[in-house]
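[1] Need a 3D model of the sequence below.
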Amino acid sequence: MNKALIALALGGLSIGMTEFTMMGILPDIAKDLKIDIPTASNLIALYALGVVVGAPTLVAFTSKYSPQKVLLFLMLLFFVFNGIFAIAPNKFLLLTSRFIAGLPHGAFFGVGSVVAAKLAKPGKEAQAISMMFTGMTIANLAGVPIGTYVGHHYSWRITYAVISVLGLVTFLAIYFWMPKLKANNSSNIIKQIKYFTRWDAWLMVAVIAIGTGGLFAWISYIAPLVTNVSKLPADRVPLIMVLIGLGMFFGNIIGGKLADSISPSKAAIASFTAMAICLLVVFFTAHITILAYPMAFITGMISFSIGSPLQMMLINNAKGAETFAASAGQASFNIGNTLGAYLGAIPITLQYTYNYPSLVGVVMASFGAILAYIFLIKVVRAQMNV
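    Here you go, the predicted structure:
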């Protein structure tokens, strides 16, 4: 079991690096491609779109295969298309490969979440899922800062070549360490898709897409925020990314324990509320240079405590379609990525300073908390009364 969770964590590390490194080296990519930062942020949106498209479709069409075979296929896609992105000679291939590289993301975490929960001891499911997401937090703690440093001082293409190789390492770890769990032969595409005929499924999509957008409204523009508003030199951006990653590492653990202790829905409400408060503090204090460091850690910690509670909310609410729901949750998470990056760019294009995307994040996280409360009242309590 431990080796299987390590294999899943390696996948989280690889996926976390390919997604979040883009935020740290966005100015470098914009400079290399000779475009402005809001335009370069389309690479963030394209990846997120790939996640949204790939999560439900890949899970639906691979549902008859064993989890190990599905995870191997997903990491093969990851390896190939991140490699193509690293060497793409023109913008068309660059954009296309970035989109396809996003396809395995949601499906991997969807399948991985269900596998982790099955391998966990009773009452420890959220903590097992948080172990998988630990890979993503380690990415933000070490991988993203290193990738940002390499991308800033050498080339962003080297960074993504390394990320591609990590995908190959994950492929091998899954092949050798993942137990050969049986496929769910009772599952089929129609049964999986029927999950989205329920109104509470769409409520969960809204909770995740709007609420987590608060994180991405802030982190998508973290590099220009700390350099233009906090007045830190550009070579301090990797350190800021380390602090964010360290915060995410602890936040992920806290979120898993909180979900197992007080219920996933209550944990999600608490996390979204704390995120809104924290982003408001960022908005008002971003110009104070010395506060950039502690706020990077605190905001990363609070924002990433939301992952495991949301995954458990999805799994608990989708009996018979757990994998599809968990993967759809990752798609929703990346709709939040797209919404946060897009809406966060609006005040920038209107010539406001780079702390204003955090204010957009305050609004989105607040709506996430409200919707999570509605889910708790309308869905969880209704299930308790059945």
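[2] The helix or strand harbouring residue 60: which residues count as buried?
    Using DSSP states H and E, residue 60 sits in helix 42-61. Residues 42-60 are the ones in helix 42-61 that count as buried (16 or more other Cβ atoms under 10 Å). Glycine gets a C-beta too; all of them are placed from N, C-alpha and C.
[3] Number of residues surrounding residue 289?
    A count of nearby residues for residue 289, using other Cβ atoms under 10 Å, gives 13.
[4] Residue 68: which element?
    helix 67-87.
[5] got the angle between that helix and helix 42-61?
    160 degrees (axes from the mean of the first three to the mean of the last three Cα atoms, to 10 degrees).
[6] and the following helix or strand past helix 67-87, how far out from the chain's middle?
    Downstream of helix 67-87, the next assigned helix or strand under DSSP H and E is helix 91-119. Helix 91-119 has its C-alpha centroid displaced from the chain centroid by 10 Å (Cα atoms, centre = their mean, to the nearest Å).
[7] buried residues in helix 91-119?
    94, 96-117, 119.
[8] pLDDT averaged over it, what's the number?
    The average pLDDT for helix 91-119 rounds to 88.
[9] How far off centre is stretch 150-160?
    22 Å.
[10] I meant to write stretch 89-101 there.
    The answer for stretch 89-101 is 20 Å, by Cα atoms, centre = their mean.
[11] residues in contact with it?
    For stretch 89-101, the external contacting residues (Cβ atoms under 8 Å, 6 or more residues apart in numbering) are 18, 33, 42-43, 46-47, 49-50, 77-78, 81-82, 84-85, 88.
[12] Pull the most distant pair out of those residues.
    33 and 77 (24.2 Å; Cβ to Cβ).
[13] Neighbour count for those two, which is higher?
    residue 77 (20 against 14).
[14] thinking again about what came up before, and the helix holding residue 68, what does it pack onto?
    The helices and strands touching helix 67-87, judged by 3 or more Cβ pairs under 8 Å, 6 or more residues apart in numbering; DSSP states H and E, are helix 2-24, helix 42-61, helix 91-119, helix 156-177.
[15] possible to save those helices as JSON lines with distance to residue 329?
    Shown next, in JSON lines, are the helices and strands packed on helix 67-87 (distance: least, Cβ to Cβ, whole Å):
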{"stretch": "helix 2-24", "distance to residue 329": "14"}
{"stretch": "helix 42-61", "distance to residue 329": "8"}
{"stretch": "helix 91-119", "distance to residue 329": "7"}
{"stretch": "helix 156-177", "distance to residue 329": "21"}
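[16] Relative to residue 135, which of the ones you listed is closest?
    Closest among the helices and strands packed on helix 67-87, using Cβ to Cβ: helix 2-24, at 2.7 Å.
[17] List the buried residues for the closest one?
    So, applying 16+ other Cβ under 10 Å, buried residues of helix 2-24: 4-24.
[18] same question, stretch 154-168
    In stretch 154-168, counting by 16+ other Cβ under 10 Å, buried: 156-157, 159-164, 166-168.
[19] and if you look at stretch 66-86?
    Buried, per 16+ other Cβ under 10 Å, within stretch 66-86: 66-75, 77-86.
[20] contact partners of the helix holding residue 60?
    Taking Cβ under 8 Å, 6+ apart as the rule, helix 42-61 contacts 18-19, 22-23, 26, 29, 70, 74, 94-95, 98-107, 110-111, 189, 192-193, 220, 323-324, 327-328, 330-331, 333-335, 337-338, 341-342.
[21] For residue 143, which residues are in contact?
    Residue 143 touches 13, 16-17, 21, 166, 245, counting by Cβ under 8 Å, 6+ apart.
[22] Apply 7 Å and report the result again.
    13, 16-17 (Cβ atoms under 7 Å, 6 or more residues apart in numbering).
[23] Residue 355 too?
    Contacts for residue 355 were tallied using Cβ under 7 Å, 6+ apart; they are 225, 229, 282-283, 286.
[24] What's the local residue count around the closest residue to it other than its chain neighbours?
    Spatial nearest neighbour of residue 355, excluding adjacent residues (Cβ to Cβ, 6 or more residues apart in numbering): residue 286 at 3.9 Å. Residues near residue 286, counting by other Cβ under 10 Å, number 22.
[25] Pretty sure residue 286 sits against residue 225.
    Yes. Applying Cβ atoms under 7 Å as the test, residue 286 and residue 225 come out as touching, 6.2 Å apart.
[26] I'd like to know which elements whichever strand or helix holds residue 298 is packed against.
    Assigned by DSSP H and E, residue 298 belongs to helix 292-304. Applying 3 or more Cβ pairs under 7 Å, 6 or more residues apart in numbering; DSSP states H and E, one finds that helix 292-304 makes contact with helix 237-262, helix 264-285.
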